[in-house]
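Asks: got a predicted model here, sequence first, then my questions.
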Amino acid sequence: MRVMLKATLDTEKANEAIRSGKMPELMKDALDHLRPEAAYFGPLGGRRTALLVFDMADSSDLPATGEPFFTQFNAEVEVFPVMNGEDLRKGLAQLGRTSGVS
């Protein structure tokens, strides 16, 4: 299932990682683990935030998905299902067939 992970990094922990020079390596490790189809980084709500879209093969993958962000950055992590345009078209086409909507 395609999901989006939103990791809002703790400012002090992120500052530590930047000052120590470890931020690039820590982010690379997280991205290598998740292999996202898209990754975006920027300030949301005044805090460093990563938005990653990737395939979660099984719900049992959830603990390992957020752990690097929890342990390395004391981040607030949210994971939720998302769709691309093709997924949305497919889902909307199913609505007409299954719900009696014409």
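Replies: Yep, that arrived. Numbering: from 1, shown residues only.
Asks: now the helix or strand bottoming out on mean pLDDT in the chain - C-alpha only, PDB.
Replies: Lowest on mean pLDDT, DSSP states H and E among the helices and strands of the chain sits helix 85-98, with a mean of 88. Provided in PDB are the C-alpha atoms of helix 85-98 (Å, rounded to 0.1, in the frame of the first residue of the first chain):
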ATOM      1  CA  GLY A  85      -4.000  10.100  -9.700                       C
ATOM      2  CA  GLU A  86      -4.200   6.600 -11.200                       C
ATOM      3  CA  ASP A  87      -5.100   5.100  -7.800                       C
ATOM      4  CA  LEU A  88      -7.800   7.700  -7.400                       C
ATOM      5  CA  ARG A  89      -9.300   7.100 -10.800                       C
ATOM      6  CA  LYS A  90      -9.400   3.300 -10.100                       C
ATOM      7  CA  GLY A  91     -11.000   3.900  -6.700                       C
ATOM      8  CA  LEU A  92     -13.600   6.300  -8.100                       C
ATOM      9  CA  ALA A  93     -14.500   3.900 -10.900                       C
ATOM     10  CA  GLN A  94     -15.200   1.200  -8.200                       C
ATOM     11  CA  LEU A  95     -17.600   3.600  -6.400                       C
ATOM     12  CA  GLY A  96     -20.000   3.600  -9.300                       C
ATOM     13  CA  ARG A  97     -20.100  -0.200  -9.600                       C
ATOM     14  CA  THR A  98     -20.400  -1.000  -5.900                       C
END
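Asks: Asn74 contacts Lys13, correct?
Replies: Yes. In this structure, Asn74 is within contact of Lys13 by CB atoms under 8 Å, at 4.6 Å. No exception for glycine: its C-beta is placed from N, CA and C like everyone else's.
Asks: helices and strands around the longest strand along the chain, which ones?
Replies: The single longest strand within the chain, with elements called by DSSP state E, is strand 47-55. Counting contacts by 3 or more CB pairs under 8 Å, 6 or more residues apart in numbering; DSSP states H and E, strand 47-55 is packed against strand 2-8, helix 11-20, helix 23-34, strand 38-44.
Asks: so where is the chain shaky, pLDDT-wise?
Replies: 98-102 (pLDDT under 70).
Asks: mean neighbour count added to the helices and strands packed on strand 47-55, as JSON lines?
Replies: Putting the helices and strands packed on strand 47-55 into JSON lines (neighbours: other CB atoms under 10 Å) gives the following:
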{"stretch": "strand 2-8", "mean neighbour count": "19"}
{"stretch": "helix 11-20", "mean neighbour count": "14"}
{"stretch": "helix 23-34", "mean neighbour count": "15"}
{"stretch": "strand 38-44", "mean neighbour count": "12"}
